[in-house]
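Student: Quick one, fold the following:
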Amino acid sequence: MPFTPGMEAVREVIAVGPGLTGRKVESGHTVLVHAEAGGVGSLLCQWANALGATFIGTVSTNEKAAQAKEDGCHHVIIYKEEDFVAPVNEITSGKGVEVVYDSVGNDTFQGSLACLKPRGYMVSFGQSSGTLDPVPLSALAAKSLLLTRPNMMKCTSTRDELLETAGEVFASVASGVLRVRVNHKYPLSQAQEDLKNRRTSGSVVLFP
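Tutor: Presented below is the predicted three-dimensional model:
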């Protein structure tokens, strides 16, 4: 498969994707992803849909909410207008979600744990809002939660693991199950402000 702009988001999905496949996300399950309109969030939404899961995504603006709907997001929460925990509980009838993907970090972490059902799976793969505060084990014990922070180099530490995981992801891109969005292209000198203020969506391509 030729490399195209925006494929760096696919690299992240290779690292965090086992949360979908390894945890056997399937039809009837519910998945919560923060920053759905980002490059990784968009791909996770599409992948969860392909597996038959119900998808809840959080975004910051109405414009990003529209993109989330285009990605197939079943429920969109604009987190700047309302706390996401209450609507997630309403959507799941108080049962919680099987998996949370959280790239935001400090601002959403405790709420993400609150949204999980007993023995739910928390995938932390970023901290755009700042470094996480220490997490006491007791925060996980109440519902027997599982917490992971994937690193692609460790998730694919052997060539066979890399080929298997990457092959699955790239096959999904090639077949059209996953569509890589490239919504923004910037000169390197101009990108910082929009990235800092979370104005971007999809993948961002930088050029000299």
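Student: Next secondary structure after the helix or strand encompassing residue 112?
Tutor: According to DSSP states H and E, residue 112 maps onto helix 109-115. Next along the chain after helix 109-115, taking DSSP H and E as the criterion, comes strand 116-124.
Student: three-state assignment of the spatially most central residue of the chain?
Tutor: The chain has residue 41 as the residue nearest its centroid, 3.9 Å off, counting by C-alpha atoms, centre = their mean. Under DSSP: H, G, I helix; E, B strand; the rest coil, the three-state class of residue 41 is helix.
Student: pLDDT weak spots in this structure?
Tutor: Across the chain, the ranges flagged by pLDDT under 70 are 1-24, 152-155, 182-186, 188-208.
Student: Do a quick rundown of the strands in it.
Tutor: All strands of the chain, identified by DSSP state E, fall at 30-33, 54-59, 75-78, 97-102, 116-124, 146-148, 182-187, 203-207.
Student: Ok, which of the ones you listed comes nearest residue 171?
Tutor: strand 203-207 (19.2 Å; C-beta to C-beta). In short, each C-beta sits where N, CA and C put it, glycine included.
Student: can you pull the contacts of the nearest residue to residue 111 once chain neighbours are set aside?
Tutor: Nearest in space to residue 111, with sequence neighbours left out and distances taken as C-beta to C-beta, 6 or more residues apart in numbering, is residue 85 at 4.8 Å. Shown in contact with residue 85 (C-beta atoms under 8 Å, 6 or more residues apart in numbering): 111, 114-115.
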